[in-house]
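Trainee: got a structure for you, letters missing:
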């Protein structure tokens, strides 16, 4: 099978199996691909420059693999690094749009990731904490493609979320900005008169993780609310009742979905979720050895028959 990554659609730090070809778009017609590979999805920040290439893949009639940043990121070194992990799926990195072939998975991969990244899963906090923490995301990020469809705008989502929280809880609200594009977030929060609720714990963040500041905000949080931020995955692991506002969230299965239950949240079993999530991501040596491809290839016939 001929698996071809289009050079312009790949980020340099995502490792690929040695059997994959990397071909510039100008030569793609001669590549005779059975499967294409791309990083991210069409709605990424580079869409204006290479949107026509994403469209080519989508219109090709061939299945494609999406490569994206890992889900479990705490204590993970930023890529490229032998101990960094990367996410592989069919079509999209969204939980509800991508195909990961990760239902009812064994616990071996989570055990490996837990060891590599020194992860812990804390007991659920039951009626503990002082405030409700709202996690914002980088404006314009591809992860927010459904936010505009649901709420009209970035501002619309914040307005809706804050109003819903106030409707069902009297607890203080703390807003945590995404570390990137803080200027745009500040402009929106200023317009909504919410600047006095912004967290000041922005220390220690990295490109792929919230760092020390995020865990400072987690310390006394009663609940965490967000659209589909990867921080929701981390709050679940911290044992904080978590509310995901979009089915694309990787924390969806173990999150509350209705803000009317803020004062009476559900506490989910997390073992199966952890095991399944671990089969979404692969260490750099595993990527190069072709393990994510071997895993996804098991459902290739199902993919092409749809």
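Mentor: Sure, I can see it. Everything numeric in this text was worked out from a predicted model, so none of it was measured.
Trainee: which SS class is residue 243?
Mentor: Using DSSP: H, G, I helix; E, B strand; the rest coil, the structure places residue 243 in strand.
Trainee: Hmm, residue 222 and it touching each other?
Mentor: No: taking contacts as Cβ atoms under 8 Å, residue 243 lies outside contact range of residue 222: 11.2 Å. The C-beta positions use only the backbone N, C-alpha and C, and glycine is treated the same way.
Trainee: And the strands in the chain, which stretches?
Mentor: Residue ranges of the strands in the chain, as given by DSSP state E, are 3-6, 21-23, 35-39, 64-69, 85-90, 131-135, 173-176, 221-226, 242-244, 281-283.
Trainee: And the third one, how far out from the chain middle?
Mentor: Chain-centre distance of strand 35-39: 18 Å, with Cα atoms, centre = their mean, to the nearest Å.
Trainee: Same question for the last one.
Mentor: Here the centre of strand 281-283 is set off from its chain's centre by 14 Å, with Cα atoms, centre = their mean.
Trainee: For it, which helices and strands make contact with it?
Mentor: Taking 3 or more Cβ pairs under 8 Å, 6 or more residues apart in numbering; DSSP states H and E as contact, the helices and strands that strand 281-283 lies on are strand 85-90, helix 108-117.
Trainee: For that strand, which outside residues touch it?
Mentor: 70-72, 82-88, 112-113, 116, 291-292 (Cβ atoms under 8 Å, 6 or more residues apart in numbering).
Trainee: tell me which of those residues is nearest to residue 151?
Mentor: residue 71 (24.2 Å; Cβ to Cβ).
Trainee: burial count for that closest one?
Mentor: The number of residues packed around residue 71, counting by other Cβ atoms under 10 Å, is 19.
Trainee: who are the neighbours in contact with the nearest residue to residue 247 once chain neighbours are set aside?
Mentor: Excluding its sequence neighbours, the residue lying closest to residue 247 (Cβ to Cβ, 6 or more residues apart in numbering) is residue 96, at 4.4 Å. Contact analysis of residue 96 by Cβ under 8 Å, 6+ apart lists 247, 248, 252.
Trainee: Pull out the buried residues from the residues you listed.
Mentor: 248, 252 (16 or more other Cβ atoms under 10 Å).
Trainee: could you dump the contacts of residue 96 to TSV with distance to residue 64 and pLDDT?
Mentor: Converted to TSV, these look like this (distance: Cβ to Cβ, whole Å; pLDDT from 0 to 100):
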residue	distance to residue 64	pLDDT
247	21	98
248	18	98
252	23	98
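Trainee: mind checking how far residue 67 is from residue 109?
Mentor: 17 Å (Cβ to Cβ, to the nearest Å).
Trainee: Spatially central residue for this structure, please.
Mentor: residue 230 (4.5 Å; Cα atoms, centre = their mean).
Trainee: residue contacts, it?
Mentor: Counting by Cβ under 8 Å, 6+ apart, residue 230 touches 69, 71, 73, 250.
Trainee: so what pLDDT did it get?
Mentor: You'll see residue 230 listed with a pLDDT of 96.
Trainee: and the gap between it and residue 268?
Mentor: 18 Å.
Trainee: which stretches of the stretch 201-306 of the chain form helices?
Mentor: 211-219, 231-237, 271-278, 284-289, 291-297, 300-305 (DSSP state H, counting those that start in this stretch).
Trainee: same deal with the stretch 51-200 of the chain?
Mentor: Using DSSP H, counting those that start in this stretch, helices in the stretch 51-200 of the chain cover 108-117, 145-151, 154-168, 182-191.
Trainee: What average pLDDT does the shortest one get?
Mentor: If I follow you right, that is helix 145-151. On average, helix 145-151 scores 94.
Trainee: what do you get for stretch 31-40?
Mentor: The pLDDT scores in stretch 31-40 average 97.
Trainee: Could you work out the end-to-end span of it for me?
Mentor: 21 Å (Cα to Cα, to the nearest Å).
Trainee: before we move on, the earlier item: please tell me which one of the contacts of residue 230 counts the most neighbours.
Mentor: Neighbour tally across those (other Cβ under 10 Å): the maximum, 27 neighbours, falls on residue 250.
Trainee: In contact with that one, which residues are there?
Mentor: Contacts of residue 250 (Cβ under 8 Å, 6+ apart): 71, 95, 228, 230, 232, 233, 277, 280.
Trainee: a markdown table for these, including distance to residue 155?
Mentor: Compiled in a markdown table, these are given as follows (distance: Cβ to Cβ, whole Å):
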| residue | distance to residue 155 |
| --- | --- |
| 71 | 28 |
| 95 | 25 |
| 228 | 18 |
| 230 | 22 |
| 232 | 21 |
| 233 | 25 |
| 277 | 31 |
| 280 | 31 |
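Trainee: Which of these sits closest to residue 25?
Mentor: Ranked by distance to residue 25 (Cβ to Cβ), the contacts of residue 250 are led by residue 280 at 27.4 Å.
Trainee: Great, nothing more from me.
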